[in-house]
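Novice: Output the structure for:
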Amino acid sequence: MARLPVITEDKADGHTKEIFDAIKSKFGMVPNIFKGMAISTVTLNAFLKLDELISNGTFTAMEQEIVKIVVSQHNNCRY
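Specialist: Okay, here's the model as predicted:
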């Protein structure tokens, strides 16, 4: 499996640090998936906005998770 560079919390600055602080307040930590996306703050912001839109939709939390799992399986995602 290929290794992608990540932005660690101690290396984050400016807007990336602000985003990490918000993620940390929500999750209690910054998951690795966000550290990888932080290479591009545009990508990270787009992902977080999509997650916000999905979270504010009409699906329950359980239905949202089911959709995410089915899509991951369909895409052969191992993460």
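Novice: So what does the residue positioned nearest the centre of the chain look like in phi/psi?
Specialist: Closest residue to the average C-alpha location of the chain: Phe34 at 4.5 Å, with CA atoms, centre = their mean. Main-chain dihedrals, Phe34, degrees, to the nearest 10: phi -70, psi -40.
Novice: Just give the closest residue to it, not the sequence neighbours.
Specialist: Ile23 (5.5 Å; CB to CB, 6 or more residues apart in numbering). C-betas here are computed from N, CA, C, even on glycine.
Novice: quick one, what contacts Thr41?
Specialist: 15-16, 19 (CB atoms under 8 Å, 6 or more residues apart in numbering).
Novice: I would like a PyMOL command selecting only the buried ones among those, please.
Specialist: Of the contacts of Thr41, the buried ones go into a single PyMOL selection, burial set by 16 or more other CB atoms under 10 Å:
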select buried, resi 16+19
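Novice: The residue nearest to the centre of the chain against Thr43, yeah?
Specialist: No - Phe34 is not in contact with Thr43 according to CB atoms under 8 Å; the separation is 10.2 Å.
Novice: Near Gln64, how many other residues are there?
Specialist: The local packing of Gln64 (other CB atoms under 10 Å) involves 14 other residues.
Novice: Below-threshold pLDDT in the protein: ranges please.
Specialist: 1-2, 79 (pLDDT under 70).
Novice: packing partners for whatever helix or strand Ile33 lives in?
Specialist: Element membership of Ile33 [criterion: DSSP states H and E] is helix 32-37. Judged by 3 or more CB pairs under 8 Å, 6 or more residues apart in numbering; DSSP states H and E, the packing partners of helix 32-37 are helix 14-27, helix 41-55.
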